[in-house]
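**Q** dropping a prediction and its sequence here:
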Amino acid sequence: MNTTRSTDTLLATVQRHADMHANDEGLARTPIPGLTTIRAHAPSELAHAISQPLLCLVLQGRKQVSMGAHTVSFGAGDSLLITADVPTVSQITQAPYCSVVLELDPSVIAELAPQMQDAVDDDAPPVRSAPTDAEVADAALRLMRLLDHPASIPVLHTQRVRELHYWLLAGRHGAAIRRLGWPAGHTRRVARAVAVLRTDFARAITVEELAAAADMSPSSFHQHFRRITSLSPLQFQKQLRLIEARRLMQAEGVAASSAAFAVGYESASQFSREFRRMFGAPPAQDRDAAKRRGQAPVNA
C-alpha cells in the first residue's frame, strides 16, 4: 500500500469538505458522529481544552500539544493519539494546517479488543504521536468518502468507524488504546467520574460522589484520577469552568462577571485571579485580544 498516495488523497478529500463546511475557526463537523475536519491558514494562538480520547491525523502543517510538562510536536503524515480525558494546551505552529479528528469509541474498542487477545497497557502516557500507519490512513479515507454520498452514511458509517478502530488496535498504539475498552480498568473508571464533571461542573461535587461513580474508594480514586489526568478532581473541575467561561465571553459576548457565576464561581475576584493564572491575562483583556484576532483558537 502506498501511504503517501493514500494520505495525499485523504488531504484533498478533507480540504474539499473543510472548504465547503468549516466555520470561522476552521472546524467542520460531519454527519458522521465524532468525525471533524480542521483547516487553518495561519498559525494559531494557544488553545486550552480538556481533551477526550481521540485520534488526530495531520495531513498538512504542524501542531504542538502539551499535557503538563509533556509536549509532543507532530506534522503532516503523523497522528496524535489521546487515550484519556486530559487537560491539553495546543497550538498550530505551521500553516496551512489540515487534519481529520475522530473521537475514539470505548464501546467499539470493548467489542474488538477481546477478539484480538493482545496486551493492555494501563500505564501508557495518554498523549502521544507517531507516523500514521498506512492502514489507518486508508480506513480514514474510506470513512471520509462517505461524505460524498450522504445516503450511504446511515448504512455504512458504523462498519467503517469499526474498521478504523480495528487498525488502530492492530497498530503500534494498540496496547494503549485497549485500556479504553477494559471496563474494570482504571482509565474507564476514571472516565465515568469525568463524565459527571463534564455534565455538572458548575455545581459543587465531592470526591466521594466522584469515587462512587468510578466504583472506587475515595483514596484510590484520587490517586488514579491524578495519575491519569495529571490533575486532582478539584483542579480538573476548575479548568472545565474556566474553559467554559472563556468560551462564553469570546463566542457569546457574555460579561466576565456573568460568565463567572454561570460556571459556578461565587466570587468574581477569585474567578479573575484563576482565569489570569490559567490564560495569562485578565478576563476582559483576554476577551478583547480575541476580538482583535477575529477568531477563537482551534481546540482540536
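**A** The structure has been received and is ready for your questions.

**Q** what helices or strands is the helix or strand hosting Ala140 leaning on?
**A** Here Ala140 sits within helix 134-145, counting by DSSP states H and E. Contacting helix 134-145 under the criterion 3 or more CB pairs under 8 Å, 6 or more residues apart in numbering; DSSP states H and E are the following elements: helix 3-21, strand 54-67, strand 86-103, helix 153-170. The way it works is simple: take the backbone N, C-alpha and C, and place the C-beta from them, glycine included.

**Q** Provide a list of residues in contact with Ala255.
**A** Met249 (CB atoms under 8 Å, 6 or more residues apart in numbering).

**Q** closest to the centroid, which residue in this structure?
**A** Geometric centre of the chain, nearest residue: Ser51, 3.4 Å, by CA atoms, centre = their mean.

**Q** okay, the nearest residue to Arg39 once chain neighbours are set aside: pLDDT?
**A** Leaving aside its sequence neighbours, Arg39 sits nearest to Ala18 (CB to CB, 6 or more residues apart in numbering; 3.9 Å). For Ala18, the pLDDT comes out at 94.

**Q** gap between Ala18 and Leu81?
**A** To Leu81, Ala18 is 22 Å away according to CB to CB, to the nearest Å.

**Q** now do Val127
**A** Relative to Leu81, and taking CB to CB, Val127 is found at 8 Å.

**Q** for Glu111, same thing?
**A** For Glu111, the distance to Leu81 - CB to CB - is 19 Å.

**Q** verify the stated contact: Ser230 with Gly68.
**A** Yes. Between Ser230 and Gly68 there is a contact at 4.6 Å, judged by CB atoms under 8 Å.

**Q** looking at Glu111 and Leu81, which one has more neighbours?
**A** More crowded of Glu111 and Leu81, by other CB atoms under 10 Å: Leu81, with 23 against 13.

**Q** residues contacting the helix or strand harbouring that one, please?
**A** Assigning secondary structure by DSSP H and E places Leu81 in strand 78-82. By CB under 8 Å, 6+ apart, the surrounding residues in contact with strand 78-82 are 51-58, 63, 65, 72, 74, 88, 126-133, 136, 168, 173, 176-177.

**Q** give the pairing partners of it; include direction for each.
**A** Applying DSSP bridges, strand 78-82 is found paired with strand 54-67 (antiparallel), strand 127-131 (antiparallel).

**Q** Ala113 is in contact with Tyr166, isn't it?
**A** No. Assessed by CB under 8 Å, Ala113 is found out of contact with Tyr166, at 9.9 Å.

**Q** for stretch 210-219, buried residues please.
**A** Leu210, Ala211, Ala212, Ala213, Ala214, Met216, Pro218 (16 or more other CB atoms under 10 Å).

**Q** of these, closest to Arg293?
**A** Checking the buried residues of stretch 210-219 against Arg293 by CB to CB gives Leu210 as the nearest, at 36.2 Å.

**Q** surely the closest one and Pro233 touch.
**A** Yes. At 5.5 Å, Leu210 and Pro233 qualify as touching, with contact defined as CB under 8 Å.
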